[in-house]
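[1] coordinates only, sequence not included:
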Ligand code: HEM
Ligand SMILES: [Cu+2]
């Protein structure tokens, strides 16, 4: 029997974060999750403050409070901040903090990536806020429609701030998405099969999967628009073969799933909180899983409902209208499951439940107006009116802010170990609930009376005056409510009553940790023998703290946790996580230099910043891996498994696979864009066919395929115990040669600024060249790791990665040259 106190001290020494400057080196998920949430809530406050300015301006007719220029910046920034700097990062922070605790692991799969994502988020968000303070904030709406956001209409850096700042922030979204996805699949307590996972795990799995395929179209759109603004490549300029509608497609291809990406985690919180307060397990576990998955898929087929009025074929209107109404079905399944759970349980009223009730009222109204808006004739009428603003806030505030507040009150005792102050939290709820409805319900009416969205003022004789004034008053009541919540959260740390373990009698694993939790979460990892929302945390907790379970000991002073089989949850390998380091911070700073150089049009600096960033990244794996084979090692409970480096489908391999899927989605969006312009865009008749030296493209493809084949040979030689090095060198050389040829082809594209066709061909070839270069780099990296002694027959991760990236590069160059050839024949 180990001594719990000694074990705690030993584990804390390994997993802990030191004070002062050392904090900046933290990679611990508990620390970073809290940081994400605090920063997100700060942005929420900023976004809320901006909405107060909007409402102050709209409170009276003919108002001269803020002029139209500033107004445009303010409402653009309000939407941008709320969607990109608050909602998504808040979800990321919550998951980063909570997920390992809920699933029974000690950290996320890639702790340094978590830290890197956090810094990118903080720096990127700060760029946007600083721009607002100096009056250079984006002002073309959070959807950035072209041509309004194109160079001729937004000549300053305002639009660049949006495109570059947000792309920088998006790094945190894509890294978090991959990390969450892989952590859920690989890092659960032994015995927790997918079918035993608490529902919130399913919500997060689907959400992160949606982010993996949902964000790339936006990132591509932002890159293309920035290329157009910075280098005059005409993707969206209709006079030169571009099409502004391409932007709308790319934006909403992301933007619609985005609202579900925001809603699903909140629904996950509800599915966790409701059973606790209903004092029974959730009704319809399996149908909810089916509903979540259905929603994930459906949401990608709806984007055109944001474009009903831009002039698209009737058949498409009918299809997207029907599909939009259809999402009500999986939503209803969840709502009925929640109501059923409450009705058949013994509901206990407490603050989180107030917000759950608030959610029901608000979200259902938002859902109903959503179905109305899905109907094309009504949409034509209400489009771009305040009715839409009302609908959107009923859905977003109902579907995210209310559940988030419920979640804050539910899980705050976990973070602080203390109880909230009733005298503040109950009135806060009522102010928020009444204030919200007063503000936004009236907007349905102003909208139906014809008040357009995004106007900075209006004349007084159109009957909107009273409604707007009341709306604004409601907004201020709402803000007072939020201020009380804030006061409650702050005061709780000082005056809140201390809580025992599992104060709500919840039945999920996160309550088996101490509250506040230790940096390693669990001194030993549990074995889960039933559905993981039917556990007894108050009993399991002390047992685990005593070191009874898996990995209830310290080995070589390393940060260890378990990797399991994706489906069955049986232990598969020991994951050794990297220790804290300043590397993520430095890498994020190097990345920031690239974005700042682009923003201030100092293009000569960009290659230096990019090389610096790349160099930093190459330092990351230096401290990872092992130089000798160890074979299976003891994990406690009489079981043995190998280390992750000796396991085939380890988290690194899966994460690279996910990254390639994400990358593939981006490339598919680019191919879609090329075809869209070829078929739909005006001004493609009569462009002269382009004569590119076809042989160079063919040779490049052959070289890339050879490179992929050689890296595959290297991998199989290594697996058979042979020498992989020569093949890897060959692969790197072939890929590098393919890169040279593709770059050469790029230089031969006639005047890329002259016509969208040329610009697209140029970009396609650039994409191919970038990836053959990456393939070369990955093969070279594999060779380097062999030289350092990190590779053996058993330890073959690097060989797999080289092969994966080379294979992708070969496919990408093949497709990009093929599409380029197709386009160059167009006339
Ligand atoms: C705190 C209370 C809030 C108030 C009083 C408020 C108020 C407003 C107002 C008045 C507008 C219209 C601006 C205009 O058309 O000129 C607006 C737009 C917007 N709001 Fe909010 N908002 C609040 C919270 C939120 C939240 C929590 C989110 C998202 C999570 C959000 C997302 C948006 C978006 C995306 C737009 C742009 C709509 C458009 O495309 O026209 N808002 N908000
Ligand atoms: Cu939508």
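    Happy to help now that I have it. In this text, all values refer to a predicted model and were calculated from it rather than measured experimentally. Ligands and ions are numbered 1, 2, ... in the order given.

[2] contact partners for the residue of the stretch 551-700 of the chain found nearest ligand 1?
    Nearest residue of the stretch 551-700 of the chain to ligand 1, counting by Cβ to the nearest ligand atom: residue 669, 22.1 Å away. Every C-beta, even on glycine, is put in place using the N, C-alpha and C of the backbone. Counting by Cβ atoms under 8 Å, 6 or more residues apart in numbering, residue 669 touches 216-217, 220-221, 250, 253.

[3] likewise for residue 216?
    Applying Cβ under 8 Å, 6+ apart, the residues near residue 216 are 254, 662-663, 665-666, 669.

[4] and the pLDDT at residue 1?
    pLDDT, residue 1: 52.

[5] then residue 626?
    We have a pLDDT of 88 for residue 626.

[6] likewise the one 5 residues further on?
    Taken from the predicted model, the pLDDT recorded for residue 631 is 91.

[7] so what's it up against?
    So residue 631 contacts 642, 646 (Cβ under 8 Å, 6+ apart).

[8] is it fair to say it lies in a helix?
    No: if the criterion is DSSP: H, G, I helix; E, B strand; the rest coil, then residue 631 is coil and not within a helix.

[9] roughly how far does the residue nearest the centre of the chain sit from ligand 1?
    Of all residues in the chain, the one closest to the mean position by Cα atoms, centre = their mean is residue 173, 3.2 Å from it. The gap separating residue 173 from ligand 1 is 15 Å, by Cβ to the nearest ligand atom, to the nearest Å.

[10] so which bits of the stretch 251-400 of the chain are right by ligand 1?
    389, 392-393, 396-397, 400 (Cβ under 6 Å from any ligand atom).

[11] nope, the chain is what I was after
    Counting by Cβ under 6 Å from any ligand atom, the residues of the chain that sit close to ligand 1 are 48, 51, 54-55, 75, 78-79, 82-83, 87, 141-142, 389, 392-393, 396-397, 400-401, 439, 453-454, 475, 478.

[12] contact partners for the closest residue to residue 405 other than its chain neighbours?
    Of all residues not flanking residue 405 in the chain, residue 355 sits nearest, at 4.6 Å (Cβ to Cβ, 6 or more residues apart in numbering). Residue 355 makes contacts with 402-403, 405-406, 409, 429, as judged by Cβ under 8 Å, 6+ apart.

[13] repeat that with 6 Å
    402, 405-406 (Cβ atoms under 6 Å, 6 or more residues apart in numbering).

[14] low-confidence ranges in this protein?
    The model of the chain has pLDDT under 70 over residues 1-2, 827.

[15] what segments of it are strands?
    559-564, 571-577, 633-634, 640-641 (DSSP state E).

[16] what packs against the longest one?
    So the one you mean is strand 571-577. Secondary-structure packing of strand 571-577 (3 or more Cβ pairs under 6 Å, 6 or more residues apart in numbering; DSSP states H and E): strand 559-564.

[17] could you list the paired strands of the strand it packs on along with their orientation?
    Strand 559-564 has the following strand partners under DSSP bridges: strand 571-577 (antiparallel).

[18] distance of residue 92 from ligand 1?
    Going from residue 92 to ligand 1 by Cβ to the nearest ligand atom gives 14 Å.

[19] give me the number of residues near residue 556?
    7 (other Cβ atoms under 10 Å).

[20] for the protein, longest helix please?
    helix 244-278 (DSSP state H).

[21] how far off centre is it?
    If you compare the mean C-alpha spot of helix 244-278 with that of the full chain, they lie 11 Å apart, counting by Cα atoms, centre = their mean, to the nearest Å.

[22] what's the answer for stretch 292-301, then?
    Relative to its chain's centre, stretch 292-301 lies at 17 Å (Cα atoms, centre = their mean).

[23] list the buried ones in it?
    Of the residues in stretch 292-301, 292, 294-296, 298-301 count as buried by neighbour count, 16 or more other Cβ atoms under 10 Å.

[24] can you list contacts of that stretch?
    202-203, 206, 210, 257, 260, 323, 327, 330.

[25] could those be laid out in a markdown table, adding neighbour count and distance to residue 592?
    Formatted as a markdown table, these follow (neighbours: other Cβ atoms under 10 Å; distance: Cβ to Cβ, whole Å):
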| residue | neighbour count | distance to residue 592 |
| --- | --- | --- |
| 202 | 22 | 36 |
| 203 | 27 | 32 |
| 206 | 25 | 32 |
| 210 | 21 | 28 |
| 257 | 27 | 28 |
| 260 | 25 | 31 |
| 323 | 18 | 40 |
| 327 | 21 | 38 |
| 330 | 22 | 40 |
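
[26] with distance to residue 468 as extra columns, can I get the residues you listed in JSON lines?
    Formatted as JSON lines, the contacts of stretch 292-301 follow (distance: Cβ to Cβ, whole Å):
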{"residue": "202", "distance to residue 468": "43"}
{"residue": "203", "distance to residue 468": "38"}
{"residue": "206", "distance to residue 468": "39"}
{"residue": "210", "distance to residue 468": "36"}
{"residue": "257", "distance to residue 468": "33"}
{"residue": "260", "distance to residue 468": "31"}
{"residue": "323", "distance to residue 468": "35"}
{"residue": "327", "distance to residue 468": "31"}
{"residue": "330", "distance to residue 468": "36"}
